[in-house]
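> Sequence first, then the predicted structure, then my questions.
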There are 2 protein chains.
Amino acid sequence: MEIKAYKKDFDYSYTLGAFPTFELIDAKPGAVIKVYMASNFTDAEKLTDVCRRAGITLEVSDKTISRLSDKENVYVVGIFKKFDAQLDPKRAHLVLDRPSNMGNLGTIIRTSCGFGIYDIAIIGNGADEFNPKTVRASMGSLFRVRISRIESFDDYLKEYGSPQRNIYPFMLDGKEALSPDIKHSEVYSLVFGNEAAGLDPSYAERGVAVKIPQTEFVDSLNLTIAVGIGEYIFTSKMP
Amino acid sequence: MEIKAYKKDFDYSYTLGAFPTFELIDAKPGAVIKVYMASNFTDAEKLTDVCRRAGITLEVSDKTISRLSDKENVYVVGIFKKFDAQLDPKRAHLVLDRPSNMGNLGTIIRTSCGFGIYDIAIIGNGADEFNPKTVRASMGSLFRVRISRIESFDDYLKEYGSPQRNIYPFMLDGKEALSPDIKHSEVYSLVFGNEAAGLDPSYAERGVAVKIPQTEFVDSLNLTIAVGIGEYIFTSKMP
């Protein structure tokens, strides 16, 4: 099997770098196809040991690594089979409607993992969560969460909507100002729109539309920051 | 005067794009040296009008614009004289110790402006707030805030420390977990370290060291997100 530079329709992808590869092996050993290591990787002993214990093939190949990585400073690449997940219907969800930037998506996955929201739905045709750029920005957090791609928000509600689940679309003109004192049920979905366009106005009817108060001097907060603030508040204030 | 591609030791810099240029003219008209516009800029009438009313020279020059911008989609460039500010000693401050990434610095300036913290100290040899990349990431918010570069945190304290001002260094091993219910004085300084290294341990003695609680699965939050959460909480919960 020759490993080619990533394309979206591949059924595999790869980590670039030692840190996310260790995360991959730790969190999803069953998905790993093979690990490549540069001949001058300084932590070869640890990686060899970890791969052996997980029953993973490790090959030294400078050629493969330089072909797959466009940056220097990559010494380890982990090839993995893409996976798909069901979200946990009893847990809090993060819902992203067509996020467009892979770096942002990776950062958001990492943040979500940091706040313990491990179930993420991506609605519509958004950035590819398996692109090596996303994987890199997530710093391997991609392997710790359940991600499901769903065609529309209606389909999401059909599958996961329930009387217990409250929906909070984050919108610039949301009716409720986000408050550090917010009270909410244990099961909820925080919904964020695309970087440029935000959420479609119809989302206001889908739940309690929330805005993060801000001064007149900025158009909107950066998406990754809005998600971070929303997740921090909701996970800090449990019922 | 021929405008050259930016270098750090210049006493001028420039905005790339119409939006930050309008912000520049609106917030800091006295700092504008000249505005350049591409011959195919679609909003020429508005820009001409705004410049005329502010007494600013506007020149059509595709050559200047293509020389200064490395990306397409730049139709307007505003040349401005760098400025330096005293912080307001009675207001909340954001203090950044050697931020290293210009994109992050710009995003942080924009976020701070969005939460109404308009006084920013940059300690030590950090990213250049006037680099066009920082200006672009700030989306023009740079012109709405007071920024002061200060050599060391000791110098900052000498100038702005007071019995009324509480210092909150954000640290991964901070003693106090950030709480949405935090009570604080009106005058405070939120202090954040470098993206990779965080704050030096000595900062723990400088005030109430705060950590943002997070799961074991991430090393740390992205700096811009940590600043966003800290600023949101502190500006939402006034005494």
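Right, received. Where do you want to start?
> Where does the most centrally placed residue in chain A sit: helix, strand or coil?
Against the mean C-alpha coordinate of chain A, by C-alpha atoms, centre = their mean, the closest residue is A:Ile109 at 2.9 Å. Here A:Ile109 is helix, with the state taken from DSSP: H, G, I helix; E, B strand; the rest coil.
> Now it: closest residue in space, sequence neighbours ignored.
In space, and not counting its chain neighbours, A:Ile109 is closest to A:Ser138: 4.3 Å by C-beta to C-beta, 6 or more residues apart in numbering or on different chains. No exception for glycine: its C-beta is placed from N, CA and C like everyone else's.
> Was I right to think that neighbour contacts A:Asn104?
No. Taking contacts as C-beta atoms under 8 Å, A:Ser138 lies outside contact range of A:Asn104: 10.7 Å.
> Could you pick out the residues of chain A near chain B for me?
For chain A, the residues in contact with chain B (C-beta under 8 Å from any C-beta of the partner chain) are A:107, A:110-111, A:113-116, A:139, A:141, A:144, A:179-181, A:212-215, A:217-219, A:221-222, A:224-226, A:228-229, A:232-233, A:236-237.
> Any chance of a PyMOL selection covering the buried ones in those?
To isolate in PyMOL the members of these that are buried, counting by 16 or more other C-beta atoms under 10 Å in any protein chain shown, one can use:
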select buried, chain A and resi 107+110+111+113+114+115+139+141+144+180+212+214+217+218+221+222+224+225+226+228+229+232+233+236+237
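> measure the residue nearest to A:Ile109 to A:Phe170 for me?
21 Å (C-beta to C-beta, to the nearest Å).
> who has more neighbours, the two?
A:Ser138 (28 against 23; other C-beta atoms under 10 Å in any protein chain shown).
> circling back: tell me which residues touch the residue nearest to A:Ile109, please.
Residues in contact with A:Ser138 (C-beta atoms under 8 Å, 6 or more residues apart in numbering or on different chains) are A:Pro20, A:Leu105, A:Gly106, A:Thr107, A:Ile109, A:Arg110, A:Cys113.
> Which pair of the residues you listed spans the longest distance?
Using C-beta to C-beta, the contacts of A:Ser138 reach their maximum pairwise distance at A:Pro20 and A:Leu105, which is 14.5 Å.
> who's more crowded, the two?
Between A:Pro20 and A:Leu105, counted using other C-beta under 10 Å, the more crowded position is A:Leu105 (28 against 25).
> quick one: which helix or strand includes that one?
Taking DSSP states H and E as the definition, one finds A:Leu105 inside helix A:102-114.
> Which secondary structure elements does that helix sit against?
Contacts defined by 3 or more C-beta pairs under 8 Å, 6 or more residues apart in numbering or on different chains; DSSP states H and E place helix A:102-114 against strand A:93-97, strand A:119-123, helix A:132-137, helix A:223-236.
> got the angle between it and helix B:223-236?
With axes from the mean of the first three to the mean of the last three C-alpha atoms, to 10 degrees applied, the angle from helix A:102-114 to helix B:223-236 works out at 60 degrees.
> quick one: helix A:102-114 to chain centroid distance?
5 Å (C-alpha atoms, centre = their mean, to the nearest Å).
> what does stretch A:20-39 give?
18 Å.
> Report the mean confidence score over it.
In this model, stretch A:20-39 has an average pLDDT of 97.
> in chain A, which spans are strands?
Using DSSP state E, the strands of chain A run over A:12-16, A:32-37, A:58-60, A:76-81, A:93-97, A:119-123, A:146-150, A:166-169, A:176-177, A:188-192, A:210-211.
> For those, please prepare TSV with the additional fields distance to B:Glu186 and mean neighbour count.
Shown next, in TSV, are these (distance: least, C-beta to C-beta, whole Å; neighbours: other C-beta atoms under 10 Å in any protein chain shown):
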stretch	distance to B:Glu186	mean neighbour count
strand A:12-16	47	23
strand A:32-37	53	22
strand A:58-60	58	14
strand A:76-81	50	23
strand A:93-97	34	25
strand A:119-123	38	22
strand A:146-150	43	18
strand A:166-169	30	22
strand A:176-177	21	12
strand A:188-192	31	24
strand A:210-211	25	20
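> is it possible to export the ones you listed to CSV including distance to A:Tyr203?
Shown next, in CSV, are the strands of chain A (distance: least, C-beta to C-beta, whole Å):
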stretch, distance to A:Tyr203
strand A:12-16, 31
strand A:32-37, 38
strand A:58-60, 47
strand A:76-81, 34
strand A:93-97, 8
strand A:119-123, 10
strand A:146-150, 15
strand A:166-169, 4
strand A:176-177, 13
strand A:188-192, 7
strand A:210-211, 11
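> between those, which gets nearest to A:Asp70?
Closest among the strands of chain A, once you apply C-beta to C-beta, is strand A:12-16, at 8.8 Å.
> Now do the closest one against strand A:32-37, angle only.
Using the same axes, to 10 degrees: strand A:12-16 against strand A:32-37 is 30 degrees.
> Which neighbours in the sheet does strand A:12-16 have, and how are they oriented?
strand A:76-81 (antiparallel) (DSSP bridges).
> so how far is the partner strand off the chain centroid?
17 Å.
> same thing with stretch A:162-179?
With C-alpha atoms, centre = their mean, you get 21 Å for stretch A:162-179.
> what about that stretch, how long is it end to end?
24 Å (C-alpha to C-alpha, to the nearest Å).
> can you check stretch A:72-81 too?
24 Å.
> Ok, stretch A:31-42 next?
25 Å.
> how about low-confidence regions in chain A?
Along chain A, the model assigns pLDDT under 70 to residues A:238-239.
> For A:Ala18, see how far away the residue nearest to the centre of chain A is.
19 Å.
> Just put the contacts of A:Ser138 in TSV and tack on distance to B:Val35.
Listed next are the contacts of A:Ser138 as TSV, based on distance: C-beta to C-beta, whole Å:
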residue	distance to B:Val35
A:Pro20	45
A:Leu105	36
A:Gly106	37
A:Thr107	34
A:Ile109	41
A:Arg110	40
A:Cys113	45
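> Let me see the contact set for A:Asp26.
A:Phe143.
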